[in-house]
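**Student:** return a 3D structure for these sequence lines:
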Amino acid sequence: MGHIEVGHVGHVLPDGRVLLDDVSFRVGDGLTAALVGPNGAGKTTLLRMIAGDLAPLEGSVSSSGGLGVMRQFVGNVRDDSSVRDLLLTTAAPRLRDAAAALEAAELAMVERDDEPSQLRYANALAVWGDAGGYDAEVLWDACTVAALGIPFEKCQYRRVATLSGGEQKRLVLEALLRGPDEVLLLDEPDNYLDVPGKRWLEARLRETSKTVLLVSHDRELLDRAAERIVTVEAGKVWVHGGRFATYAQARRDRNERLEELRRRWDEEHVKLKRLVNTLKQKATFNDDMASRYRAAQTRLRRFEEAGPPEIPPRDQTLKMRLRGGRTGKRAVMCEGLELTGLMRPFDAELWFGERVAVLGSNGSGKSHFLRLLAGEDVAHTGVARLGARVVPGLFAQTHSRPDLEGRTPCEIVMTEHARLRNAAMSALARYELQVCAEQPFETLSGGQQARLQVLLLELGGATLLLLDEPTDNLDLASAEALQDGLEAYEGTVLAVTHDRWFARSFDRFLVFGADGTVYEPEEPVWDESRVNRVRG
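**Tutor:** Numbering: from 1, shown residues only. Okay, the predicted model is just below:
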């Protein structure tokens with residue numbers, strides 16, 4: 001069993017803004033706690049501190065029982081990395097070092113098969129065994145069979161890039177949940193998982209005896225799996241000791257108490273200052289009042305040094321103005337379309353103004369379909385055409401935008417959309433991005449990157465929005481603002497999603513079945529058994 005302890009932690013961003021201010025909380029043995037809060041509030045920074053990737057400027061962080069970590073983007077390893085490399089990212093440092101030494105010894109054997117190389121290889125094998133390498137391979141075999149349906153021996157050198165985002169997440173989750181570490185830090189573990197995968201994760205989190213701290217914005221997963229809700233907002237942290245179903249009311253009650261305490265503090269502050277001023281005037285005429293005046297001054301000073309109670313955090317006010325524009329009646333036409341190796345040929349027509357949710361299991365070709373419509377080079381047969389005046393705009397699932405790296409949001413908006421600085425900052429402020437306007441794109445949180453992508457779609461004038469899991473990294477307020485923006489949008493929306501709440505707002509549903517068929521049900525279909533019933 002293990003635990004997590006965060007004590008009086010403070011952190012300041014490079015631009016001088018206070019991100020975390022005297023943050024303290026504890027996650028006890030065997031508990032599953034959720035870390036929630038607005039995008040950019042510091043959730044991922046806190047996880048990095050607990051993981052040891054980042055040292056707090058103030059305070060301390062500790063844990064016991066071994067630490068397993070899932071980063072927000074699990075596929076952020078080198079382009080030619082393998083399944084073995086991905087699984088090694090979940091292993092202890094000693095095992096990773098032994099793997100690196102073994103790989104180097106194997107390469108040396110290929111280049112020069114002499115006695116020193118053989119001895120080096122034999123020694124590396126011994127170190128690998130001592131570090132627990134063979135036990136890890138047994139564990140990884142169970143993980144690849146569960147996540148991919150393939151034994152580790154047959155897929156260990158498969159490139160990670162050939163796996164979908166959901167397959168990568170499921171593989172890492174299997175390794176962490178089955179592994180020896182008693183404390184798990186999971187940053188957006190449900191992102192890219194299909195709904196059966198989310199339900200699997202919910203069940204595993206309920207069953208596990210490990211101590212888990214996770215970041216998620218999926219309300220159904222939070223309610224079914226989290227026993228505590230740790231909220232980060234306005235630099236502070238507070239803990240709700242119940243389930244997510246009662247969280248919204250608990251937050252409202254807390255903010256009302258804080259407002260009342262602040263009101264009383266302000267009233268007392270005014271009274272004390274008034275008393276000091278009154279006694280000061282009286283002391284000028286009456287020496288007997290001097291001691292009372294000094295006592296009142298001391299009382300006021302101590303009151304002000306103690307400081308006011310915490311200010312209630314303000315609610316976010318995002319305004320997404322997705323405009324679009326009129327196009328031909330038929331926005332998308334597919335005739336005998338088949339993405340090579342992913343599906344059977346299918347026909348489909350999307351009409352101007354429709355909201356179409358693309359559903360289906362991971363690896364069924366949904367993201368490839370959006371990329372094809374966006375104009376990217378995707379292997380296919382058949383025809384996929386856009387209608388008259390249809391301008392596609394793609395929201396990338398993994399936020400992989402090398403064209404934006406090294407540039408700040410303000411710079412991106414100014415250069416790509418011919419905006420003056422004041423206009424660019426005004427647009428960023430509508431998306432609550434003004435606080436990170438001068439940070440490089442790659443340093444933004446996942447939610448901030450997602451909001452910036454939506455803003456770029458707005459400014460780009462797209463009349464066909466191709467959204468690949470747009471709500472995955474958005475906090476609740478941002479996801480609701482996106483839905484409001486889509487409802488007012490004059491154009492066609494095609495969105496890949498596993499967000500059960502988000503999907504309910506769509507008009508049509510296009511399902512990419514696990515058997516390669518593409519069909520349209522009357523309501524969302526989430527699991528294979530339901531797929532078969534609808535099809536039959």
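
**Student:** ok, the residue lying closest to residue 173 once chain neighbours are set aside - how many residues close by?
**Tutor:** Distance criterion Cβ to Cβ, 6 or more residues apart in numbering; nearest residue to residue 173, sequence neighbours excluded, is residue 189 at 5.9 Å. Yep, even glycine has a C-beta here, placed from its N, CA and C like the rest. By other Cβ atoms under 10 Å, the residues close to residue 189 number 30.

**Student:** tell me which stretches of the stretch 151-300 of the chain form strands.
**Tutor:** Taking DSSP state E, counting those that start in this stretch as the test, the strands found in the stretch 151-300 of the chain are 183-187, 211-215, 228-233, 236-240.

**Student:** dump the ones you listed to CSV, plus mean neighbour count and mean pLDDT.
**Tutor:** As requested, these are exported to CSV (neighbours: other Cβ atoms under 10 Å; pLDDT from 0 to 100):
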stretch, mean neighbour count, mean pLDDT
strand 183-187, 25, 95
strand 211-215, 26, 96
strand 228-233, 22, 94
strand 236-240, 18, 94
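
**Student:** who are the packing partners of the top helix by length along the chain?
**Tutor:** Identified as the longest helix of the chain according to DSSP state H is helix 247-285. Counting contacts by 3 or more Cβ pairs under 8 Å, 6 or more residues apart in numbering; DSSP states H and E, helix 247-285 is packed against strand 236-240, helix 290-306.

**Student:** between the ones you listed, which one is closest to residue 467.
**Tutor:** Of all the helices and strands packed on helix 247-285, it is strand 236-240 that lies closest to residue 467, at 31.1 Å by Cβ to Cβ.

**Student:** ok, the closest one: who's next to it in the sheet?
**Tutor:** Strand pairing for strand 236-240, determined by DSSP bridges: strand 228-233 (antiparallel).

**Student:** contacts for the partner strand next, please.
**Tutor:** Outside of strand 228-233, the residues within contact range by Cβ atoms under 8 Å, 6 or more residues apart in numbering are 20, 23, 25, 27, 31-38, 41-43, 46, 213, 222, 237-244, 247, 251, 313.

**Student:** right, and residue 368 touches residue 339 too?
**Tutor:** Yes: Residue 368 sits in contact with residue 339 when judged by Cβ atoms under 8 Å, with a separation of 5.0 Å.

**Student:** looking at these two, which is more packed in?
**Tutor:** Regarding residue 368 and residue 339, a neighbour count based on other Cβ under 10 Å identifies residue 339 as having more, with 24 against 21.

**Student:** who's in contact with that one?
**Tutor:** Applying Cβ under 8 Å, 6+ apart to residue 339 gives the contacts 365, 368-369, 372, 378-380.

**Student:** 7 Å - rerun?
**Tutor:** By Cβ atoms under 7 Å, 6 or more residues apart in numbering, the contact set of residue 339 is 365, 368-369, 378, 380.

**Student:** try residue 178
**Tutor:** Going by Cβ under 7 Å, 6+ apart, residue 178 touches 139, 142-143.

**Student:** pLDDT below threshold where in the stretch 1-150 of the chain?
**Tutor:** Applying pLDDT under 70 to the stretch 1-150 of the chain flags the ranges 75-79.

**Student:** again, only using 80
**Tutor:** The stretch 1-150 of the chain contains residues with pLDDT under 80 at 1, 15, 39-40, 72-79, 113.

**Student:** what of the stretch 351-500 of the chain?
**Tutor:** Residues of the stretch 351-500 of the chain meeting the criterion pLDDT under 80: 361-363, 397-401, 416-419, 445-446, 473, 476-477.

**Student:** now do the strands in it.
**Tutor:** Using DSSP E, counting those that start in this stretch, strands in the stretch 351-500 of the chain cover 355-360, 380-386, 392-395, 464-468, 492-496.

**Student:** run the chain-centre distance for the shortest one.
**Tutor:** Computed by Cα atoms, centre = their mean, to the nearest Å, the chain-centroid distance of strand 392-395 equals 20 Å.

**Student:** what helices and strands are in contact with it?
**Tutor:** Packing partners of strand 392-395 (3 or more Cβ pairs under 7 Å, 6 or more residues apart in numbering; DSSP states H and E): helix 446-460, strand 464-468.

**Student:** could you dump those into CSV and include distance to residue 322 and mean neighbour count?
**Tutor:** Listed next are these as CSV, based on distance: least, Cβ to Cβ, whole Å; neighbours: other Cβ atoms under 10 Å:
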stretch, distance to residue 322, mean neighbour count
helix 446-460, 5, 23
strand 464-468, 7, 25
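
**Student:** in a markdown table: these, plus distance to residue 149.
**Tutor:** As requested, the helices and strands packed on strand 392-395 are exported to a markdown table (distance: least, Cβ to Cβ, whole Å):
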| stretch | distance to residue 149 |
| --- | --- |
| helix 446-460 | 29 |
| strand 464-468 | 24 |
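
**Student:** quick check, residue 187 in contact with residue 44.
**Tutor:** Yes: applying Cβ atoms under 7 Å as the test, residue 187 and residue 44 come out as touching, 5.9 Å apart.

**Student:** before we move on, back to that, give me the subset of the contacts of strand 228-233 lying in helices.
**Tutor:** The helices, defined by DSSP H, take in 43, 46, 222, 247, 251 from the contacts of strand 228-233.

**Student:** please consider this matter closed, and thank you.
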